[in-house]
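Enquirer: got a predicted model here, sequence first, then my questions.
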Amino acid sequence: MSDLPRKAVTRTAKLAALPLGFAGRATWGLGKRIGGKSAELVAREVQQRTADQLFKVLGELKGGAMKLGQALSVFESALPEEVAGPYRAALTKLQEAAPPLPSGTVHAVLEERLGEDWRELFLEFDDKPSAAASIGQVHRAVWHDGRDVAVKVQYPGAGEALLSDLTQLSRFARLLGPLIPGMDIKPLIKELRDRVSEELDYEQEARSQRAHAEEFAADPDVVIPSVVHQSDQVLVTEWMDGVPLADVIAQGTPEQRDRAGQLLARFLFSGPARTGLLHADPHPGNFRLLSPDHEAGEIGETGVSDEAREAGQWRLGVLDFGTVDRLPGGLPQTIGDSLRLALTGDAEAVYELLREEGFVKESIDLDPDAVLDYLLPIIEPAQVEEFTFTRSWMRNQAARIADPRSPAHQLGKQLNLPPAYLLIHRVTLSTIGVLCQLGATVRLRDELESWVPGFLSADEQEPVVKELAGDAAAGA
């Protein structure tokens with residue numbers, strides 16, 4: 001019998017206990033303030049206790065609860081260090097591990113989906129999972145042709161658990177607000193709920209992963225494992241070794257941090273341009289840093305090139321294509337146009353673009369200069385040749401937007417996020433959160449110039465396009 005709570009009543013009871021705990025801590029905090037403690041100190045103590053309980057429960061439940069925990073974990077950089085420090089390990093654990101399913105349950109799923117003779121497909125199969133996530137867990141195995149593979153097995157009843165958890169969590173999303181300053185958690189929960197069917201569809205995930213694996217097959221910087229076999233609730237892909245990004249965050253060298261950050265930004269912005277798809281789950285558990293001597297055969301036929309090995313270049317391995325945003329034309333040109341105009345200080349043009357695209361509703365009139373002032377700190381990393389992402393920078397950004405007394409907070413409440421940009425916005429924020437956890441120095445402007453339509457003017461764009469076309473031809 002698994003120790004994972006599966007019955008709906010048990011799951012609901014655990015989630016329902018969260019707001020009761022929040023309320024109890026608020027009462028405790030009020031008592032402390034009456035007793036003489038400062039409001040700021042009490043708020044941090046309450047925040048820390050809330051986080052301890054929240055991530056413990058989310059990690060136990062998997063499903064939608066753990067999905068929310070993973071989504072929140074990338075914003076850990078926005079928290080005050082006194083609060084973030086004590087439970088950073090718990091957040092990292094959410095990204096890489098969770099209580100496993102019993103082997104009997106795993107075998108039953110494999111028999112149902114791969115047939116009674118499923119063991120004949122494998123030369124070896126490790127019953128102990130190597131990783132566990134929100135809707136499935138991964139087992140290492142050896143395919144019948146000798147390839148090392150990762151076998152992703154979906155939890156029985158995962159879809160029902162996802163919907164139930166996220167519905168329950170949305171009922172008290174407001175109480176989670178103080179946990180991540182400046183972030184509205186309710187839309188995040190709604191977006192996660194809207195994408196449940198995609199996350200559960202391993203056929204769709206296999207298509208997305210194949211598209212990326214084919215496009216990046218000869219890439220010197222990014223590695224995507226090939227899909228070996230797919231059936232309902234079971235996905236088999238080539239195995240990928242490497243240093244988990246969570247380990248790079250915890251103890252990586254400056255060189256590893258910078259390289260991982262640069263490649264993460266490159267993959268984020270180049271993916272839509274090259275595949276028409278945006279990888280939409282950028283938490284550290286889905287990335288590996290592959291060493292310069294990573295050989296072909298460790299991951300199918302794709303090994304590091306001689307040139308890359310001689311240059312001592314680490315590569316980025318990317319996993320989990322269960323959630324993607326479909327962008328057939330790449331990232332919307334409005335993003336690049338707005339960034340370019342903002343960097344030149346053209347407040348009126350930026351404002352008109354945002355109004356046309358629906359970021360400013362027709363019923364609202366805002367001061368274009370105020371809108372530009374709101375945006376400039378956010379796009380600061382694009383103003384310079386290279387930018388060092390830090391937790392303190394992230395915290396300052398969050399505090400600026402979260403403080404109800406600040407003009408940025410008031411203006412932010414008046415802006416609108418069109419549905420077409422919801423996932424792009426979350427992925428961008430999540431990636432920035434990971435870059436801040438890495439403390440990486442990144443040439444972000446290089447990636448924007450190369451991959452974001454409209455960031456360069458038409459005259460500037462032409463030589464860049466020719467250069468990328470030459471690189472692609474050389475890789476082929």
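Expert: In hand now; what should we look at?
Enquirer: does Trp353 touch Asp337 like I think?
Expert: Rather than Trp, residue 353 is Leu. Yes: the criterion here is C-beta atoms under 8 Å, and Leu353 meets it with Asp337 at 5.8 Å. To be clear about C-beta, it is placed using only N, CA and C from the backbone, and glycine gets the same treatment.
Enquirer: now the residue nearest to Gln204 when sequence neighbours are not counted: which helix or strand?
Expert: Spatial nearest neighbour of Gln204, excluding adjacent residues (C-beta to C-beta, 6 or more residues apart in numbering): Glu198 at 6.2 Å. Assigned by DSSP states H and E, Glu198 falls within helix 196-200.
Enquirer: give the other helices and strands that that helix contacts.
Expert: helix 158-170 (3 or more C-beta pairs under 8 Å, 6 or more residues apart in numbering; DSSP states H and E).
Enquirer: distance check, Gly412 against Pro418.
Expert: 15 Å (C-beta to C-beta, to the nearest Å).
Enquirer: next one: Arg266
Expert: For Arg266 relative to Pro418 (C-beta to C-beta), the value is 26 Å.
Enquirer: what of Pro332?
Expert: In terms of C-beta to C-beta, Pro332 sits 10 Å off from Pro418.
Enquirer: could you do Phe359 as well?
Expert: Taken as C-beta to C-beta, the span from Phe359 to Pro418 is 7 Å.
Enquirer: cool, and Leu429?
Expert: Distance from Leu429 to Pro418, by C-beta to C-beta: 16 Å.
Enquirer: average pLDDT for the helix or strand where Arg395 lies?
Expert: Using DSSP H and E, Arg395 sits within helix 391-402. Helix 391-402 carries an average pLDDT of 85.
Enquirer: output the contacting helices and strands for that helix.
Expert: For helix 391-402, the packing partners by 3+ C-beta pairs under 8 Å, 6+ apart are helix 81-96, helix 407-414, helix 422-438.
Enquirer: so the last one versus helix 391-402, what angle?
Expert: This points to helix 422-438. 140 degrees (axes from the mean of the first three to the mean of the last three C-alpha atoms, to 10 degrees).
Enquirer: okay, buried residues for helix 422-438 please.
Expert: 422-424, 426-438 (16 or more other C-beta atoms under 10 Å).
Enquirer: the helix or strand following that helix: partners in the sheet, and parallel or antiparallel?
Expert: For helix 422-438, the following helix or strand on the C-terminal side (DSSP H and E) is strand 441-442. Looking at strand 441-442 with DSSP bridges, its partner strands are strand 387-388 (antiparallel).
Enquirer: any idea how far Ala246 is from Tyr155?
Expert: 22 Å.
Enquirer: quick one: pLDDT of Arg88?
Expert: 56.
Enquirer: again but with Glu356, I slipped
Expert: 94.
Enquirer: now swap in Ala473 and tell me
Expert: Confidence score, pLDDT, at Ala473: 48.
Enquirer: over to Glu112?
Expert: pLDDT at Glu112 comes out at 94.
Enquirer: burial count for it?
Expert: A total of 15 residues lie near Glu112 under the criterion other C-beta atoms under 10 Å.
Enquirer: what helix or strand is it on?
Expert: Per DSSP H and E, Glu112 falls inside helix 103-114.
Enquirer: what does that helix contact?
Expert: Helix 103-114 has contacts (C-beta atoms under 8 Å, 6 or more residues apart in numbering) with 2, 118, 121, 127, 129, 137, 139, 151, 153-154, 156, 231-234.
Enquirer: Leu268 touches Val427, doesn't it?
Expert: Yes: assessed by C-beta under 8 Å, Leu268 is found in contact with Val427 at 6.9 Å.
Enquirer: now do the shared contacts for those two.
Expert: Joint contacts of Leu268 and Val427 (C-beta under 8 Å, 6+ apart) are Leu278, His279, Pro282.
Enquirer: can you give me the angle the helix holding Arg395 makes with helix 407-414?
Expert: 60 degrees.
Enquirer: which regions of the stretch 201-350 of the chain sit below the pLDDT cut-off?
Expert: 293-312 (pLDDT under 70).
Enquirer: how about the strands in the stretch 151-300 of the chain?
Expert: With DSSP state E, counting those that start in this stretch, the ranges of strands along the stretch 151-300 of the chain come out as 222-223, 227-231, 234-238, 243-244, 277-279, 287-290.
Enquirer: can you put the ones you listed in a markdown table and add mean neighbour count and distance to Glu386?
Expert: Formatted as a markdown table, the strands of the stretch 151-300 of the chain follow (neighbours: other C-beta atoms under 10 Å; distance: least, C-beta to C-beta, whole Å):
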| stretch | mean neighbour count | distance to Glu386 |
| --- | --- | --- |
| strand 222-223 | 22 | 20 |
| strand 227-231 | 18 | 36 |
| strand 234-238 | 24 | 34 |
| strand 243-244 | 19 | 23 |
| strand 277-279 | 22 | 24 |
| strand 287-290 | 24 | 19 |
